[in-house]
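>>> Please work out how this folds:
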Amino acid sequence: MQTLGKIPVTVITGFLGAGKTSLIRHLLENANGRRLALIINEFGDLGVDGDILKGCGIETCTEDDVLELTNGCICCTVADDFIPALESLIERPDRPDHIVIETSGLALPKPLVKAFQWPEVRSRTTVDGVVAVVDGPAVEAGLFADNPALVQDQREEDDQLDHDSPLEELFGDQLASADLVVISKSDLMDEAGRGSVMEIVAKETRPSVKALTATHGRLDPMLVLGLDAAAEDDIDQRWSHHDTEEDHDHDDFDSIVVELDSAADVNQIAARIEAALALDGILRIKGTAHIEGRPARLVVQGVGPRVDTYFDRPWNETELRRTRLVVIGLTGFDQAAAKNILGGG
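Residues are numbered from 1 along each chain as shown. Predicted coordinates:
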């Protein structure tokens, strides 16, 4: 059982586009009266995931319960950003029942969990669990798994696999720190595919760690919240590629924000995003769009060949109706070409 008086904290980590935001949205929608607070760490000054979650319209998670940290990767700004943000939540008179942290796709979970050993927060919070969300179809294809056989299978068709990818280290570190693994997009895999991903995950995780499959983040919250792991107590024993390093380098990634006018329809904006995703080096495109004649915002999420869209809430009267997309990719990706494609050029 959790130590009396401590607020449980769940850290949700995972690669760009793995499905972290979908999982959190489902947790909010099925909180059963529990007051959840969120700390969202975007890559760069983007503010998209937080904006999407603020648009949920859920009574037990208001806009004041969502804090966004956009000054850098959360594991590198612990003292300056994360600890003050966490303290602001636990010192409120209406303290949350549970805090959920969504890390950026670039964050290492281990330094973040170690921050809960700090005296300022150790007596008042506990890390209920680290949940790693992995993109099932991507792992099945060998894109983010450190598996030589799978990588060799891809090399003949994908020149990008001729060299080591920093994404493989991130993938390994996230799984090594996990107390639970959620394999997302299970609807896009057959039984054999799901089994192969389970085997890959098992090789990267500790023996006690369970893996679950999910579609659009739909899991019973009781399986995700309430792990009672107290991860801060044994985080030093969880292996990491970066155990001998003081910090890690994020220079392998760039991001841009593209702001556009309204799109004629959903198919138009989805087609543009799909075309931009096909450019070399682009990893993910996400954001919100204004569709002509529609009163609600369109949320768009694109990774690999897949583009997902849904309307989340009506536009506010004081809100500028616009399309705002974040493009995240490897350093040196063709930013001008991405902007041109997304703008309809």
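>>> residues near Pro84, how many?
Pro84: 12 surrounding residues under other C-beta atoms under 10 Å. Where you see a C-beta, it was placed from the backbone N, CA and C, and this is true even at glycine.
>>> For the stretch 101-250 of the chain, which segments count as strands?
Counting by DSSP state E, counting those that start in this stretch, the stretch 101-250 of the chain has strands at residues 125-135, 180-184, 210-213.
>>> wait, which of these is closest to Gly19?
strand 180-184 (3.5 Å; C-beta to C-beta).
>>> so how far is Val9 from Gln142?
Quick fix: residue 142 is Gly, not Gln. Noted for Gly142: a distance of 33 Å to Val9, by C-beta to C-beta, to the nearest Å.
>>> What of Lys203?
28 Å.
>>> what's the answer for Ile273, then?
According to C-beta to C-beta, Ile273 stands 33 Å off from Val9.
>>> cool, and Asp94?
Distance from Asp94 to Val9, by C-beta to C-beta: 17 Å.
>>> cool, Ser177 as well?
Taking C-beta to C-beta, one finds Ser177 at 14 Å from Val9.
>>> What segments of the stretch 51-200 of the chain are helices?
In the stretch 51-200 of the chain, the segments counted as helices under DSSP state H, counting those that start in this stretch are 83-90, 109-114, 119-122, 136-140, 148-155, 166-176, 191-204.
>>> how about those in TSV, adding distance to Asn32 and mean pLDDT?
Putting these into TSV (distance: least, C-beta to C-beta, whole Å; pLDDT from 0 to 100) gives the following:
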stretch	distance to Asn32	mean pLDDT
helix 83-90	20	82
helix 109-114	26	86
helix 119-122	26	78
helix 136-140	27	89
helix 148-155	40	40
helix 166-176	28	82
helix 191-204	29	94
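>>> Figure out which of those is closest to Gly129.
helix 109-114 (10.0 Å).
>>> Of all the residues in the closest one, which ones are buried?
Pro109, Lys110, Pro111, Leu112, Val113, Lys114 (16 or more other C-beta atoms under 10 Å).
>>> now those in TSV, with distance to Asp128?
What follows is the buried residues of helix 109-114, written out as TSV (distance: C-beta to C-beta, whole Å):
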residue	distance to Asp128
Pro109	14
Lys110	16
Pro111	18
Leu112	14
Val113	11
Lys114	16
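>>> Run through this structure and note the low-pLDDT ranges.
For the chain, the stretches with pLDDT under 70 are 1-4, 42-66, 68-81, 144-166, 242-253, 344-345.
>>> Now do the domain split for it, please.
7-237, 253-342 (automatic domain parsing).
>>> So which of these is the most surrounded?
Compared across these, domain 7-237 shows the largest average neighbour count, a mean of 19 (mean count of other C-beta atoms under 10 Å).
>>> show me the contacts for the nearest residue to Leu277 once chain neighbours are set aside.
Computed as C-beta to C-beta, 6 or more residues apart in numbering, the closest residue to Leu277 that is not its neighbour in sequence is Gly302, at 5.3 Å. Contacts of Gly302 were listed using C-beta atoms under 8 Å, 6 or more residues apart in numbering, and they are Gly17, Ile273, Glu274, Ala276, Leu277, Arg284, Ile285, Lys286, Asp308.
>>> Those residues: which two are farthest apart?
Spatial extent of the contacts of Gly302 (C-beta to C-beta) is set by the pair Ala276 and Asp308 at 15.0 Å.
>>> How about the contacts made by the closest residue in space to Arg294 that isn't next to it in sequence?
Distance criterion C-beta to C-beta, 6+ apart; nearest residue to Arg294, sequence neighbours excluded, is Phe311 at 6.9 Å. When contacts are counted by C-beta under 8 Å, 6+ apart, Phe311 is found next to Arg294, Ala296, Arg297, Leu298, Val299.
>>> Name the secondary structure element that contains Phe311.
Per DSSP states H and E: Phe311 is located in strand 306-314.
>>> That strand pairs with which strands?
strand 296-303 (antiparallel) (DSSP bridges).
>>> quick one, what contacts Pro8?
Pro8 is in contact with Gln2, His98, Ile99, Thr125, Thr126, Val127, Asp128, Leu225, Gly226, counting by C-beta under 8 Å, 6+ apart.
>>> With distance to Arg321 added, can I get these in a markdown table?
Shown next, in a markdown table, are those (distance: C-beta to C-beta, whole Å):
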| residue | distance to Arg321 |
| --- | --- |
| Gln2 | 44 |
| His98 | 34 |
| Ile99 | 33 |
| Thr125 | 39 |
| Thr126 | 43 |
| Val127 | 40 |
| Asp128 | 39 |
| Leu225 | 35 |
| Gly226 | 40 |
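>>> ok, so of those residues, who is nearest Asp135?
Leu225 (22.0 Å).
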